[in-house]
Structure formats: C-alpha cells, structure tokens
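Colleague: I'd like to go over a predicted model; first the sequence, then the structure.
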Amino acid sequence: MKASIKTLFALLFVILAVPGASGAQMNKPEIKTMENYVAVFDFEVTTGDKGISRPLTDRVIHEISQSGKFDVIDRGNMNKILGEQKFQMSGCVAQECKVEAGQLLGVGKIISGSVGMVGRVYYLTLQLINVRTGKVELSAEDECRCELEELLGSTRRLAKKLLSDKGEPPAEDISAAGQPEATRKDSQKSTHLALAKEAFNEKKFAEPEGENTIEYLRKVLTDDPGNAAALDLEKRAVAAYENEAVFALARKNEPRALAIYQRLFSLYPEKKQYLDEFVRIEKTRSLDISGNWYPGHVSGQVAIHSDGRCVYKGFLIVSVGGTWRCIDPGKRLFAITWNHGFTDTVTLSADGQKLEGVNNIGDPVSFMRNK
C-alpha cells in the first residue's frame with residue numbers, strides 16, 4: 001500500500017514539474033488578445049466624390065488581412081455591435097469619437113484614413129491608433145496625381161507603408177496635451193487653407209455647399225480664430241460673392257441675386273442687411289409689369305419685357321423703343337423712358353392690371369394690361 005502511494009506521488013511530481021506535460025495538445029492554438037484585433041473605419045473624404053470612401057476602405061481592409069499582422073473585424077459585425085450600443089457612426093470624424101467606437105467594439109487598435117484633393121493631386125493619410133491610450137502609433141501618407149480610378153493603387157501603397165517599417169510614428173509626446181494631436185490640427189489647417197485658396201481661384205466663394213472658400217476657411221478659423229490669412233481671404237470671398245449679386249441684378253437676373261443673398265444670410269445670420277436685401281428684391285420682383293399693355297392716352301400697344309426693355313407700336317408712328325425700371329417698390333412706382341424723349345412716371349394698381357400717372361410734361365398717361 002505504501003509503495004503504491006509513493007508511486008502515485010512520484011507520478012504527480014513528474015506531471016507538475018514538467019511544463020506543458022498535461023494538456024499540451026489543448027494549448028497548441030495561440031490565444032489572441034484584443035491587441036490582435038483592429039477596426040478599419042471608412043475614409044473621410046474632405047473634397048470630391050464621397051462615393052470613393054467605401055472602395056478605398058475595402059482596399060485597406062484587404063491589405064491588412066493579407067498581411068496577417070492583425071485580425072480585422074468585418075463591417076457587418078462592426079455595425080451590429082455599434083447598433084446594439086446605439087452608437088451613430090454618421091458624423092463621427094473626430095479621433096476621439098472613433099476611439100470611443102473602438103472601445104465599444106473591443107478592439108485593440110483602429111485605423112482611420114482621409115483623402116482630399118488640392119488642385120489635381122489627391123492626398124491620402126492613414127493612421128493606426130491605440131484604443132487604450134487614444135494615441136497615434138503609426139501614420140502614413142501618399143499622394144497621387146492621377147485619375148479617380150487609379151486611387152486604389154495609391155491606397156494599396158498607403159496600407160503597405162503603414163504596416164511596414166516605413167510607417168512613421170508620430171512626434172514624441174512631450175506634454176500632457178500630446179504633440180500628435182497638435183501636429184494633426186496644424187496639418188488639417190494647412191490643408192483647409194490650401195483648399196480655400198483653390199476654391200477662391202475657381203470663384204467658388206460660397207457654393208457648392210461644403211466645398212467652397214468660406215466653409216473651408218471656417219474650419220481653419222474654428223481652431224485658429226485669429227488666423228490673418230484666413231480672415232483676409234474670407235473678407236475677399238464675401239465681397240466677391242456680394243458683387244455677384246450686384247451683377248445679377250444689373251442683368252435683371254433676380255432669381256440668382258435672391259439665391260446669393262439667401263446663402264449669405266444662412267452663413268452670416270447676424271448680418272441683417274442680407275435679409276433686408278432679399279426682402280427688397282423679392283418685393284420688387286413681385287411688381288412684375290412685363291407683358292402687353294394698351295395705352296389709354298394714345299392708340300396702339302406697348303410690349304414691356306422682363307429684361308427692362310419696352311416697345312410701343314402705333315398707327316401713325318411705326319414703333320418707339322424705351323426702357324423701364326421700378327423707382328419705388330413701396331409705392332409701386334415705375335418710370336418708362338422712351339427714346340423720343342418722353343418719360344412716363346406711373347403707379348401699378350393693387351390688382352396689377354393698370355398703370356396710371358403723368359409724363360415729363362405733365363400730361364396724364366395710363367395703360368391697361370392685355371389679359
């Protein structure tokens with residue numbers, strides 16, 4: 001009996017003393033931690049076609065999966081997990097927001113990219129961010145003077161650069177605030193200022209929405225309210241856009257002028273003069289006297305055109321040309337100046353069917369609209 005007990009203790013000693021002697025086959029597969037998993041977020045497209053975001057992101061996912069360095073959480077699971085947490089990815093462009101999403105997903109790292117265009121060159125950036133610390137571990141950049149369909153090749157290079165030894169760690173963090181964030185903001189500020197200058201040269205002062213001088217400059221001024229270059233360019237862009245409205249009115253293009261003042265008021269709601277000008281033009285526009293009129297003081301017919309021209313056709317005088325304009329919208333007062341020297345100052349009736357007044361020598365004049 002004692003011999004059996006001694007043998008049993010000896011066997012137990014051997015089992016415990018030799019690492020891996022028990023359950024060796026079960027421990028063969030590598031146990032992966034959250035550090036092995038990465039979430040790749042859709043590219044942020046700062047300028048150009050927003051539709052390129054998904055194919056560029058898919059290319060990055062493919063390259064990372066092929067490298068074997070990380071396990072990539074697929075988009076379906078990402079959406080499912082974030083949906084269960086009621087986390088909205090739309091509008092989540094800030095690094096802090098993406099880090100929060102990464103924490104909810106339970107991954108060790110996230111990859112975030114952006115693409116923008118300055119002139120005819122695409123600029124792409126990719127960052128590997130540690131979810132636990134929120135800091136950028138590696139970053140890579142690439143540029144492509146190419147057509148849109150060639151961007152996938154540039155994205156492939158970008159992903160390989162990030163995963164290779166060529167990926168560049170951010171500048172050493174020398175303060176509590178962290179240098180990488182400041183560097184990133186400086187880079188974004190320079191990019192937005194360059195885009196604003198490009199848009200200004202293309203006369204995109206406040207249109208199209210999201211890709212114009214004023215809105216690019218606002219992104220600069222958000223982080224740097226005193227940026228002299230941005231403030232000066234904004235002033236010039238606003239003045240140029242206001243001039244567009246003046247030229248539109250000179251060409252009798254009231255709809256264009258109204259659109260400009262409406263846009264200016266949406267950008268600068270504190271500037272009531274834009275709203276006042278919009279209302280004034282709208283009132284003038286509603287006083288439309290274009291059409292055919294029968295004079296009451298002479299025989300014949302008058303054709304009044306919306307572009308400011310008018311033509312009288314009578315029996316004794318073949319035709320007389322002239323111009324018209326609204327001289328007081330509030331009083332519904334108009335001046336019709338004829339080429340033979342007479343000027344009729346008339347008031348439009350409340351129903352818009354009659355013009356009555358006097359000419360420059362005091363004779364009464366009137367016109368009835370031809371319905």
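Modeller: Alright, I've got the coordinates.
Colleague: tell me which element Ala259 is part of?
Modeller: With elements taken from DSSP states H and E, the one containing Ala259 is helix 254-267.
Colleague: ok, residues contacting that helix?
Modeller: The contact list for helix 254-267, computed with Cβ atoms under 8 Å, 6 or more residues apart in numbering, reads 206-207, 214, 238, 241-242, 244-246, 248-249, 271, 274-275, 277-278, 281-282, 284-285. Where C-beta positions appear, they are placed from N, C-alpha and C, glycine not excepted.
Colleague: ok, stretch 341-348 next?
Modeller: Contact with stretch 341-348 is made by 287, 289, 327, 331-338, 354-361, 365-367, as judged by Cβ under 8 Å, 6+ apart.
Colleague: restricted to buried residues, select those residues in PyMOL.
Modeller: To isolate the buried members of the contacts of stretch 341-348 in PyMOL, using 16 or more other Cβ atoms under 10 Å:
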select buried, resi 289+332+334+335+336+338+354+355+357+359+365+366+367
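Colleague: so which of the contacts of stretch 341-348 are in strands?
Modeller: 327, 333-338, 354-359, 365-367 (DSSP state E).
Colleague: so how far is the helix holding Ala259 from its chain's centroid?
Modeller: 18 Å (Cα atoms, centre = their mean, to the nearest Å).
Colleague: ok, back up a step: ok, the ones in strands among the contacts of stretch 341-348 vs Val121, which is closest?
Modeller: Nearest to Val121, judged by Cβ to Cβ, of those is Ile327 at 52.9 Å.
Colleague: buried stuff in stretch 300-309?
Modeller: For stretch 300-309, burial by neighbour count (16+ other Cβ under 10 Å) applies to Val302, Ile304.
Colleague: can you report phi and psi for the residue nearest the centre of the chain?
Modeller: Nearest to the mean C-alpha position of the chain, by Cα atoms, centre = their mean, lies Gly210 at 2.2 Å. Dihedral pair for Gly210: phi 90, psi -20, per degrees, to the nearest 10.
Colleague: same deal with Arg54?
Modeller: Main-chain dihedrals, Arg54, degrees, to the nearest 10: phi -60, psi -50.
Colleague: what's near enough to touch it?
Modeller: Listed by Cβ under 8 Å, 6+ apart, the contact set of Arg54 reads Asp42.
Colleague: and it, how far from Lys252?
Modeller: Shown here: Arg54 relative to Lys252, a distance of 45 Å by Cβ to Cβ, to the nearest Å.
Colleague: can you classify Glu141 by secondary structure?
Modeller: What DSSP: H, G, I helix; E, B strand; the rest coil gives for Glu141 is strand.
Colleague: enumerate every residue touching it.
Modeller: Applying Cβ under 8 Å, 6+ apart to Glu141 gives the contacts Tyr123, Leu124, Thr125, Leu126, Leu158.
Colleague: which one of those residues sits closest to Ala194?
Modeller: Nearest member of these to Ala194, counting by Cβ to Cβ, is Tyr123, at 9.5 Å.
Colleague: pretty sure that closest one contacts Ala140?
Modeller: No. Counting by Cβ atoms under 8 Å, Tyr123 stays clear of Ala140, with 12.0 Å between them.
Colleague: which residues of the stretch 51-200 of the chain fall in helices?
Modeller: Here the stretch 51-200 of the chain has its helices, by DSSP state H, counting those that start in this stretch, at 53-67, 75-84, 95-105, 151-163, 179-201.
Colleague: could I get those as TSV with distance to Ala229?
Modeller: Shown next, in TSV, are these (distance: least, Cβ to Cβ, whole Å):
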stretch	distance to Ala229
helix 53-67	30
helix 75-84	39
helix 95-105	25
helix 151-163	29
helix 179-201	6
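Colleague: okay, those, which one's buried deepest?
Modeller: helix 151-163 (a mean of 20; mean count of other Cβ atoms under 10 Å).
Colleague: tell me which residues are up against that helix.
Modeller: For helix 151-163, the surrounding residues in contact (Cβ under 8 Å, 6+ apart) are 52, 55-56, 59-60, 63-64, 67, 69, 111, 113, 115, 122, 124-126, 128, 138-144, 146, 167.
Colleague: run the angle between it and helix 53-67 for me.
Modeller: Relative orientation of helix 151-163 versus helix 53-67 (axes from the mean of the first three to the mean of the last three Cα atoms, to 10 degrees): 40 degrees.
Colleague: just the CA atoms of helix 151-163, as CSV, please.
Modeller: Below are the C-alpha coordinates for helix 151-163, written out as CSV (Å, rounded to 0.1, in the frame of the first residue of the first chain):
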residue,chain,number,x,y,z
LEU,A,151,-6.6,55.8,-56.4
LEU,A,152,-6.9,52.2,-55.4
GLY,A,153,-3.3,51.6,-56.3
SER,A,154,-2.3,54.6,-54.1
THR,A,155,-4.4,53.2,-51.3
ARG,A,156,-2.7,49.9,-51.6
ARG,A,157,0.7,51.6,-51.2
LEU,A,158,-0.5,53.5,-48.3
ALA,A,159,-1.7,50.4,-46.4
LYS,A,160,1.6,48.6,-47.1
LYS,A,161,3.5,51.6,-45.9
LEU,A,162,1.6,51.8,-42.7
LEU,A,163,2.2,48.1,-42.0
